[in-house]
Each structure stands twice: as C-alpha cells, then as structure tokens.
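*Asks:* Return atomic coordinates for the entry below.
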Amino acid sequence: MSIRGRYEDVSTALYLVPVVVPVVYALVLWAQSGLSVTLPSSVYLSVTRDPFLFIGASLAVMLGIVIEVNGTEPKARPAKLISLGGTLQSMAVASLVVVAVAALYANGFTDLTGAATDFIVGRYGLVFPATLVLLSYLITVRFRLPGLTRMQAGATVAMLLVPVSLYEIGKRQTAVGVGVAFVFLVIGVALYLYPEKAPSPPKQE
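*Replies:* Model (predicted):
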C-alpha cells in the first residue's frame, strides 16, 4: 500500500469517529438503563449534550483534513480542499438528519413536540453540523471572507446562536430559550437553503 493510500485510510477512519463513537456510547448507556423498544430520551440527551463527544468528533474531523491534505501533492491541494468542502457539507447534512431521526425514535415517532424539544435541547447535535459547515467554508475560501456569501455567513451565525440561546436564555427561562433557539434554527436552515441571486452583469453602454 502506498503512503498516499495510508493517509486516505487514516483520514477516512477519523471521519467515521463522529458516527461510530456516539453510536457505541449510546448503545452502552442504553444497555445500562435497560434495553427497550425505543431509545430512551435520557440516552439521546446524554449523547447529544456531551461536550467531550463534540470536542473529540470535531478534533477527529480536523485531524482527518490535515492528514488528507498533507498526503496530497502540493499542486493538487487546492482541488482537494474544494472536494473536502463538499464532503464536510455532506457530513453536516447527514449528521443533522441522523440526529433528527434519533430524536423522533427517542419519542416513539409520535410525540413530535417532545422530539422537537429533544432535538433542540441536544445542543451539540446542532452545533456539530454547524461547525462542519463553517469549516467547509473556511477551507474552500482559504480564509478569505469575500468567498463567503452573506446568506452562507448568516446561516452559520444563526446556527451557532442556537446553543448560545439555550445556554444564556434557557438557564433562566427554559421555554423562552427553546423558542429563541428554534427561531435561530429555522432562520439558519432557511438562509442555507434559500438560493442567493447571482449579481447581475454590468450593463454595457
């Protein structure tokens, strides 16, 4: 196996950490609390609110990026960064979907209010996809702010304000904190999905 292939294998393994580790941790907690037909809400919240899982998952992804870029020839690195940006955004969407489905499963797929509350209260389940999206923009624009559109920047800021609202407002008034966080979540998703109009070409005289 070539050195380049080893770099790719190691980076792929690191990209799987945010999926494998939380699932294993959830299964351990689930087994300790007693296996049941549906995932206990307490297990879901224990996983999605664990700061060490969030930090470890984020560091694993970042380390995977560094290893994969270093294992790429210098001339091919710009194209690799663009490819990694798309990969990170795909991971963010997949992570958000998995967290949402898990919240529904933890509430029996019937209690939508409880699922929505768990989905928002499980703050790192939202922060992690937002972190991946922000990281994808940073590596594709190579830290040049003009490369980040206003819609994209607004979406990232709104998503990052979700956990801030839960912490700062929710610790005083839980219902208000959850409501404000939900509003920021809707704004973030809307700005991310809303197609931004391309600038019109200058008129020729």
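*Asks:* Contacts only, for residue 33.
*Replies:* Listed by Cβ atoms under 8 Å, 6 or more residues apart in numbering, the contact partners of residue 33 are 40, 42-43. From N, CA and C alone the C-beta is placed, and that goes for glycine too.
*Asks:* from those, which would you call buried?
*Replies:* With burial judged by 16 or more other Cβ atoms under 10 Å, the buried subset of those is 40, 43.
*Asks:* out of the contacts of residue 33, which are inside helices?
*Replies:* Using DSSP state H, the subset of the contacts of residue 33 located in helices is 42-43.
*Asks:* want to throw the contacts of residue 33 into a markdown table with distance to residue 60 and pLDDT?
*Replies:* Shown next, in a markdown table, are the contacts of residue 33 (distance: Cβ to Cβ, whole Å; pLDDT from 0 to 100):
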| residue | distance to residue 60 | pLDDT |
| --- | --- | --- |
| 40 | 26 | 94 |
| 42 | 26 | 94 |
| 43 | 22 | 95 |
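*Asks:* quick check, nearest of the contacts of residue 33 to residue 10?
*Replies:* Residue 10 has its nearest neighbour among those in residue 43, at 30.4 Å by Cβ to Cβ.
*Asks:* which element is the most centrally placed residue in the chain on?
*Replies:* With distances taken as Cα atoms, centre = their mean, residue 129 lies nearest the centre of the chain, 0.9 Å away. Taking DSSP states H and E as the definition, one finds residue 129 inside helix 124-140.
*Asks:* can you dump the C-alpha coordinates of that helix into CSV?
*Replies:* Output of helix 124-140 as CSV, limited to C-alpha atoms (Å, rounded to 0.1, in the frame of the first residue of the first chain):
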residue,chain,number,x,y,z
TYR,A,124,-24.2,19.5,20.2
GLY,A,125,-26.3,17.6,17.7
LEU,A,126,-26.9,21.1,16.2
VAL,A,127,-23.6,22.7,16.9
PHE,A,128,-21.6,19.9,15.2
PRO,A,129,-23.2,20.2,11.8
ALA,A,130,-22.9,24.0,12.0
THR,A,131,-19.2,23.5,12.8
LEU,A,132,-18.7,21.3,9.8
VAL,A,133,-20.5,23.8,7.5
LEU,A,134,-18.4,26.7,8.9
LEU,A,135,-15.2,24.6,8.5
SER,A,136,-16.1,23.7,4.9
TYR,A,137,-16.4,27.4,4.0
LEU,A,138,-13.2,28.3,5.7
ILE,A,139,-11.2,25.7,3.8
THR,A,140,-12.8,26.3,0.4
